[in-house]
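A.B. asks: mind looking at a prediction? Sequence and model below.
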Amino acid sequence: QKEVEQDPGPLSVPEGAIVSLNCTYSNSAFQYFMWYRQYSRKGPELLMYTYSSGNKEDGRFTAQVDKSSKYISLFIRDSQPSDSATYLCAMSGDYKLSFGAGTTVTVRA
Amino acid sequence: ETGVTQSPTHLIKTRGQQVTLRCSSQSGHNTVSWYQQALGQGPQFIFQYYREEENGRGNFPPRFSGLQFPNYSSELNVNALELDDSALYLCASSPGTVTDTQYFGPGTRLTVL
């Protein structure tokens, strides 16, 4: 069993829709949770960073962490074609990041 | 832009050869981490350096080695290349270690033939 599980998709939505992404994990030591966006052949770009359980909102993006269920989510409201990318969840309890496999999202104009 | 640069962009090597990849961190960032990202997968942690000392290592063999220099640059060296080493190699820099956000460079795509 992988430490971090993420459905690779692909996920295709119409412009303006809400995109819902999620990851589950097995390591109880994880305390820091991140979402990265990665465009094709580019490095990951940090979108959201949260510590412990709760919600965090930044513009059209909302990150949720439920440590009791070992489940994290990212919601993208009013999705745009420019949001088309691979979204990676990542988490950490120490010095290294553990990533999910990434979900490829396409927003259709 | 994260301010993290990597060179070269692309590289083609043959099995058994050795390769050196380079990274330049953001000024003031004392920590650099290296990750391997195979096609269709998430990045896998290789190792981390803090103030020029190895601070932690993932499940990679000793033929993967690194160096960090005082001028915020670092290297990843891979000896005896294997076909499975073909991947995107990412470096990430951060100010400290545990809680700090890691900022990624654009990566070096290595192809081993």
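C.D. replies: Everything's here; your move. Residues are numbered from 1 along each chain as shown, chains lettered A, B, ... in the order given.
A.B. asks: for A:N55, see how far away the closest residue to chain B within chain A is.
C.D. replies: Closest approach between chain A and chain B, counting by C-beta to the nearest C-beta: A:F99, at 3.3 Å. Where you see a C-beta, it was placed from the backbone N, CA and C, and this is true even at glycine. Per C-beta to C-beta, to the nearest Å, A:F99 is found 22 Å from A:N55.
A.B. asks: the more surrounded of those two?
C.D. replies: A:F99 (25 against 12; other C-beta atoms under 10 Å in any protein chain shown).
A.B. asks: how about the residues of chain A by chain B?
C.D. replies: A:4, A:6, A:8, A:32, A:34, A:36, A:41-46, A:49, A:51, A:88, A:90, A:92, A:94-102 (C-beta under 8 Å from any C-beta of the partner chain).
A.B. asks: the same query, at a cut-off of 6 Å, please.
C.D. replies: By C-beta under 6 Å from any C-beta of the partner chain, the residues of chain A that approach chain B are A:42-44, A:46, A:49, A:88, A:94-96, A:99-102.
A.B. asks: return the closest of those with respect to B:P106.
C.D. replies: Among the residues of chain A next to chain B, A:G43 lies closest to B:P106 (C-beta to C-beta), at 4.6 Å.
A.B. asks: just checking, the closest one touches B:T108?
C.D. replies: No: the criterion here is C-beta atoms under 6 Å, and A:G43 misses it with B:T108 at 10.1 Å.
A.B. asks: which residue ranges of the chain form strands?
C.D. replies: Just so you know, I chose chain A. A:4-6, A:11-14, A:19-25, A:32-38, A:45-51, A:54-58, A:61-66, A:71-76, A:85-92, A:98-99, A:103-108 (DSSP state E).
A.B. asks: should've been chain B
C.D. replies: B:5-7, B:10-13, B:19-24, B:31-37, B:44-50, B:53-57, B:64-68, B:73-78, B:87-94, B:103-104, B:108-112.
A.B. asks: okay, those in CSV with mean neighbour count, mean pLDDT and distance to chain A next?
C.D. replies: Output for the strands of chain B, formatted as CSV (neighbours: other C-beta atoms under 10 Å in any protein chain shown; pLDDT from 0 to 100; distance: least, C-beta to the nearest C-beta, whole Å):
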stretch, mean neighbour count, mean pLDDT, distance to chain A
strand B:5-7, 16, 96, 8
strand B:10-13, 13, 97, 10
strand B:19-24, 19, 97, 11
strand B:31-37, 25, 95, 7
strand B:44-50, 21, 94, 4
strand B:53-57, 14, 91, 5
strand B:64-68, 19, 96, 14
strand B:73-78, 20, 96, 14
strand B:87-94, 24, 95, 6
strand B:103-104, 22, 92, 4
strand B:108-112, 18, 97, 7
